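# show me how the following folds:
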Amino acid sequence: MSVFVCSKCNSQFPKWLGQCPECGAWGTIAEQSSANLVKQNKKIFGKDGLIKFNQSEDKIDSKLKTRIEEMDRVLGEGMVPSSLILLGGEPGIGKSTLALQLAGQFSGHPVFYVSGEESILQVQSRIKRLGVQTDNLRFLGETDIDIIVSAIKEHKPLLVVIDSIQTVSSHLFPSAAGSVNQIRVVVSKLREAAIATKSVILIIGQVTKEGSVAGPKTLEHLVDVVLYLDGDANQHFRFLRATKNRFGSTQEIGVFDMKEKGLVEIKNPSEIFLANRNIGTSGSIITSIIEGRRSFLVEVQALVARTNFNHPQRKSSGFDLNRLSLLIAVLIKRLNLNLNNQDIHINIAGGIRVKEPAIDLGISLAIVSAFQNKPIGQDCAVFGEVGLAGEIRSVVSPEKRIQECLKMGFTKIICPLGSRFPDKKKILQVKNLKEAVAQLY
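Take a look at the predicted model:
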């Protein structure tokens, strides 16, 4: 007798269905023998299977430093042996470039580069352009997962790069590469190979229109770390973030600059983001943001112009549009600004996307400056969350933000009440938007 099992949620059905009624996934139900399921459930458990943590003889392996500080920061001070790391990003964003640069850091240790999309000549041309050390690098142009796993177990490389997971398949399943069942089987076999050889496996994944890694959600559940490399296609900055990390924080960010020779680390993002600032222009203000354990400054730009339509436009780049609408409503109500007939455009310079509420005050004051057409002093920096009543609320790590502002030469810092810092002369603490605007010019 056969049963039909959903590969996504493991629900069982007496007949085949196109869509799983439990999880709603399409094309995930496949036939399995009920005898095999019974055998799997009748596995005998031995008493020796339970081990106390304090009796384990296995030593915890130290993390492998990538020698790329921005990447180590996001990973949690390095890569853990036997781990699977998923790197996602839009086409052309720099995933393969970052993977090749990472592979070149481990001279003296075997590294595999498995590609099902490019030939060795194509990869070799990129290596030559990047100037990557290739003495330790071995290329494998293969899409069969069994051959790939066999090579990993035989040579035991320190690092394996799979470019990309959507091209690898198993001949035991008739479905096409990149399908739900194929990706699940491929990642499971890579997991077994990583544990057996203590290799770190970096899996490159394509991204869908919605911005998530293509394939089933099971792919992200099976790996240990999920990284996303993003950035504005028209900008040269790239940002590396972790959405899942079993060995560290998911709040860190790595900043890179895309050059002809590859991705270059930016160790002081504030200096880079403020380099081309146009001083003396209305609607421009500097604000402090926190990413992980690091604070850096970004420029908020606002443009306010009278609309020619019945409904004014609200556009934003790098900032949530719904949050922008809320702040505009607060400015209209609390400051009596006539913005109902004004088009408002917001841009976070450098292509970075900011989600934390500490940028609210910067957005609000930039709009006020653009509406009144009054430039803000070049020595002024702000941060703080704006509430619906127009109050300025405190944010996390105000001392760290103030230190970064002072380090970059700003002598006038507008911030919420209660921000503690030894030097009070340069700090202007405000409780609402009216006080902030009064201190602005």
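
# where does the stretch 151-300 of the chain have low pLDDT?
Where the stretch 151-300 of the chain drops to pLDDT under 70, the residues are 208-218.

# tell me which stretches of it form strands.
Taking DSSP state E, counting those that start in this stretch as the criterion, the stretch 151-300 of the chain contains strands spanning 159-163, 200-206, 225-230, 237-245, 253-259, 262-265, 284-291, 294-306.

# closest to Gln378 out of those?
strand 284-291 (8.6 Å; C-beta to C-beta). From N, CA and C alone the C-beta is placed, and that goes for glycine too.

# that closest one packs against which elements?
strand 294-306, helix 360-372, strand 380-382, helix 398-407 (3 or more C-beta pairs under 8 Å, 6 or more residues apart in numbering; DSSP states H and E).

# at 10 Å instead, please
Judged by 3 or more C-beta pairs under 10 Å, 6 or more residues apart in numbering; DSSP states H and E, the packing partners of strand 284-291 are strand 253-259, helix 269-273, strand 294-306, strand 342-348, helix 360-372, strand 380-382, helix 398-407, strand 412-416.

# what packs against the next helix or strand after the third one?
Where DSSP states H and E defines the elements, the next helix or strand beyond strand 294-306 is strand 314-317. For strand 314-317, the packing partners by 3+ C-beta pairs under 10 Å, 6+ apart come out as strand 294-306, helix 321-334, strand 342-348.

# please save the CA atoms from the longest one in CSV.
Same thing as helix 321-334. Extracted in CSV, the C-alpha atoms of helix 321-334 (Å, rounded to 0.1, in the frame of the first residue of the first chain):
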residue,chain,number,x,y,z
LEU,A,321,6.9,54.5,2.8
ASN,A,322,4.2,53.8,5.4
ARG,A,323,6.4,55.3,8.2
LEU,A,324,7.0,58.3,6.0
SER,A,325,3.2,58.9,5.7
LEU,A,326,2.9,58.7,9.4
LEU,A,327,5.6,61.3,10.0
ILE,A,328,4.1,63.7,7.4
ALA,A,329,0.8,63.4,9.3
VAL,A,330,2.5,64.3,12.6
LEU,A,331,4.2,67.3,11.0
ILE,A,332,0.9,68.6,9.6
LYS,A,333,-0.9,68.1,12.9
ARG,A,334,1.7,69.1,15.5
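
# list the buried residues of it.
For helix 321-334, the neighbour count (16 or more other C-beta atoms under 10 Å) marks Arg323, Leu324, Leu327, Ile328, Val330, Leu331, Arg334 as buried.

# distance from the chain centre to the longest helix out of those in the chain, please.
Counting residues, the longest helix in the chain under DSSP state H turns out to be helix 180-197. Taking C-alpha atoms, centre = their mean, to the nearest Å, one finds the center of helix 180-197 at 23 Å from the center of the full chain.

# now swap in stretch 432-440 and tell me
With C-alpha atoms, centre = their mean, you get 35 Å for stretch 432-440.

# what sits up against it?
Applying C-beta atoms under 10 Å, 6 or more residues apart in numbering, the external contacts of stretch 432-440 come out as 285, 327, 330-331, 334-335, 337, 360-361, 364-365, 368-369, 372, 374, 376-377, 380, 382, 384, 386-387, 389-392, 412, 414-417, 428-430.

# may I have stretch 242-255 as CSV, with CA atoms only?
The C-alpha trace of stretch 242-255 is given here as CSV (Å, rounded to 0.1, in the frame of the first residue of the first chain):
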residue,chain,number,x,y,z
ALA,A,242,22.3,37.8,8.3
THR,A,243,18.7,36.9,8.7
LYS,A,244,19.5,33.7,10.5
ASN,A,245,22.6,32.8,12.4
ARG,A,246,22.9,29.9,14.8
PHE,A,247,26.3,31.0,16.0
GLY,A,248,26.0,34.7,16.4
SER,A,249,23.8,37.8,16.1
THR,A,250,21.6,38.7,13.2
GLN,A,251,21.8,42.4,13.9
GLU,A,252,25.3,43.1,12.4
ILE,A,253,25.9,44.6,8.9
GLY,A,254,29.0,44.4,6.7
VAL,A,255,29.6,47.3,4.3
